[in-house]
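Chemist: Structure, please.
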Amino acid sequence: MTRRFRAYARTAGILYLVTHVTSIAAVAAFAANELALGVTLELLLAGGCLGTGILLWLLLRSAGPARAATFAGLRALEASVIAASTLPMLALLWMPASTPVTESFAALHTAAFLVGQGLVISVNTVVLGWLLLEARVVPRALAALGIAGGVLVLASNSAQLFDLIPQGGTIAGLCAVPIFAFEIWFAIYLIAVGLRPQNPVPSP
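Modeler: Prediction:
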């Protein structure tokens, strides 16, 4: 791996860790009614998502151009949904607490979370894991964990969408563990190792 691509991998790993820190911190900020801090953290989260999409596209496009572009596009979509979800929270920040639409705006933010950090991220993680597995640029166990985690979160968020399981409950939390583990492992691997030399794959 060239020095430039090693720097891309390290930066992508750092941004993955940034997305985790800001995501968790934003949830805590909103729970404490620190809306301005929560919005700031979610905007940083969106930037981190966009950055990882661009950098991994640069790193993996030679191994699977269509899937690398799909991942980058879905990552950009996720970032867009996250950024858009801050708008109702900004509205809550600026309007009187007694305004009748307060609960509706909070529900809109929750819905955006379910779509952006639930449904979209599950699909783009499956795409990424599939590409990593065939390109053989990371350990097979890591790539397989990404695929399994993405499928599990997709099933969990679909179930939440149709009220089959509670939103944000214990089941949903347990289903999110594999994808969380994948992203942490992948981030550390990118920072410490980078990506192995790529083997071109026959499919896009």
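Chemist: use CA for all of it now, contacts and neighbours both
Modeler: OK.
Chemist: Give me the pLDDT value at residue 170.
Modeler: Here, the pLDDT recorded for residue 170 equals 89.
Chemist: Go ahead and confirm residue 22 touches residue 44.
Modeler: Yes: the pair residue 22 / residue 44 is scored as a contact, 6.9 Å apart, by Cα atoms under 8 Å.
Chemist: in the protein, which residue is closest to the centre?
Modeler: Central residue of the chain (Cα atoms, centre = their mean): residue 121, 4.9 Å from the mean position.
Chemist: Now do the contacts for it.
Modeler: With contact set as Cα atoms under 8 Å, 6 or more residues apart in numbering, residue 121 has these partners: 74-75, 78, 150.
Chemist: Does anything pack onto the helix or strand where residue 86 lies? Which helices or strands?
Modeler: Using DSSP states H and E, the element containing residue 86 is helix 65-94. Packed against helix 65-94, as judged by 3 or more Cα pairs under 8 Å, 6 or more residues apart in numbering; DSSP states H and E, are the following elements: helix 35-60, helix 102-114, helix 121-135.
Chemist: ranking the ones you listed by burial, who's on top?
Modeler: When you average the neighbours per residue for each of these (mean count of other Cα atoms under 10 Å), helix 121-135 leads with a mean of 23.
Chemist: quick one, that helix and helix 65-94 angle?
Modeler: Between helix 121-135 and helix 65-94, the angle formed by their directions is 150 degrees, by axes from the mean of the first three to the mean of the last three Cα atoms, to 10 degrees.
Chemist: right, and the helix or strand after helix 121-135?
Modeler: Moving toward the C-terminus from helix 121-135, the next helix or strand (DSSP H and E) is helix 140-161.
Chemist: Please identify the buried residues of that next one?
Modeler: Across helix 140-161, burial judged by 16 or more other Cα atoms under 10 Å covers 142-158, 160-161.
Chemist: Against which helices or strands is whichever helix or strand comes after that helix packed?
Modeler: Counting by DSSP H and E, the next helix or strand C-terminal to helix 140-161 is helix 170-192. The criterion is 3+ Cα pairs under 8 Å, 6+ apart, and the helices and strands that helix 170-192 contacts are helix 3-31, helix 140-161.
Chemist: Would you convert the ones you listed into CSV that also reports mean pLDDT and distance to residue 38?
Modeler: Rendered in CSV, the data for those read as follows (pLDDT from 0 to 100; distance: least, Cα to Cα, whole Å):
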stretch, mean pLDDT, distance to residue 38
helix 3-31, 94, 4
helix 140-161, 93, 22
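Chemist: Could I get those in JSON lines, plus columns for distance to residue 88?
Modeler: Converted to JSON lines, those look like this (distance: least, Cα to Cα, whole Å):
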{"stretch": "helix 3-31", "distance to residue 88": "12"}
{"stretch": "helix 140-161", "distance to residue 88": "20"}
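Chemist: How far does stretch 30-44 sit from its chain's centre?
Modeler: Between the centre of stretch 30-44 and the centre of its chain there are 17 Å (Cα atoms, centre = their mean, to the nearest Å).
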